[in-house]
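1. Predicted model follows, preceded by the sequence.
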Amino acid sequence: FIPQLRHAGLVRSDHPVLTALTGGVSSEILHVTDGDQQFVVKRALAKLKVRDDWFADVSRNQVEGNYLRRVAQITPGCVPRVLHSQADEGWFAMEFLGDGFVNWKSELLANRVAATHAERAGTILGRIHGATWGDPQIAQAFATLENFRQLRLEPYLETTAERLPELAPLLRAEKERLAQTELCLVHGDFSPKNILVSPERMVLVDAEVGWFGDPIFDTAFLLTHFYLKALLHSNHPDAILDQVATF
């Protein structure tokens, strides 16, 4: 992969170091060190790294790059800066967020709760939804329903409907409702695992499910994680449950 990076002008030294980053299931993610420069490269996988066969169009990589660029204009500093995008090869390079950042999911798993995190997340998400509400240009740029169907509607709602027949009518009705709703720009994976926090910044990552659709999806996605963490810390759930109203 180094020749591609060198051709793009991202790598200049004789001995750059590429290190695979773990944690995701849908993409190959590389941390690149080139002299005193560091950045991250993300390339979508056609088959996700999960137990079941789960395939998705790799064009979602460019959806994510487009989301990051657009949101950077709405709320500067709340997404990684895109350094380079190579659509024909299915990858892009972005800012590396290293020392000083922690993963919000890790904080919640450890029951370390800061009210400012929920407030910042709600503020950022509200600005994104509000700034793109009913915007025909955004709607055209993120007409990515098929991508959303492959990554969310089918594996989440349809698969659950198949395995829980008693809930199938409800789940399938919601699947169709979501598919027909077009209101604003949606992240599609607005989870604490995709939010990095530092004293100065809160940064959203992993936006390959970006879609012009229903903002309720983003809101419910994060609230679900709050409730799950409250169950995990069932002896002391109040601190996390308080985040619901704050968010």
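-> It's in. Numbers count the residues shown, from 1 in each chain.
2. Please give the number of neighbouring residues around the residue nearest to Trp133 when sequence neighbours are not counted.
-> Excluding the flanking residues, the one nearest Trp133 by C-beta to C-beta, 6 or more residues apart in numbering is Cys184, at 4.5 Å. All C-beta atoms are positioned from the backbone trio N, CA, C, and that covers glycine. Neighbourhood size, Cys184 [other C-beta atoms under 10 Å]: 22.
3. Surely Cys184 and Pro136 touch.
-> No - the criterion here is C-beta atoms under 8 Å, and Cys184 misses it with Pro136 at 11.7 Å.
4. give the contact list for Leu157.
-> 171-172, 174-175, 178 (C-beta atoms under 8 Å, 6 or more residues apart in numbering).
5. Look up how far Leu232 lies from the residue nearest to Trp133.
-> 31 Å (C-beta to C-beta, to the nearest Å).
6. Ok, Ala44 next?
-> 30 Å.
7. of those two, who's got more company?
-> Higher neighbour count among Ala44 and Leu232: Ala44, with 21 against 13, using other C-beta under 10 Å.
8. Run through the bridge partners of Ala93.
-> For Ala93, the beta-bridge partners are Val41, His84 (DSSP bridges).
9. can you tell me which of the contacts of Leu157 are in helices?
-> 171-172, 174-175, 178 (DSSP state H).
10. you'd agree Phe1 is up against Leu18?
-> Yes - the criterion here is C-beta under 8 Å, and Phe1 meets it with Leu18 at 6.6 Å.
11. Touching both of those two, which residues are there?
-> Counting by C-beta under 8 Å, 6+ apart, the residues touching both Phe1 and Leu18 are Leu30.
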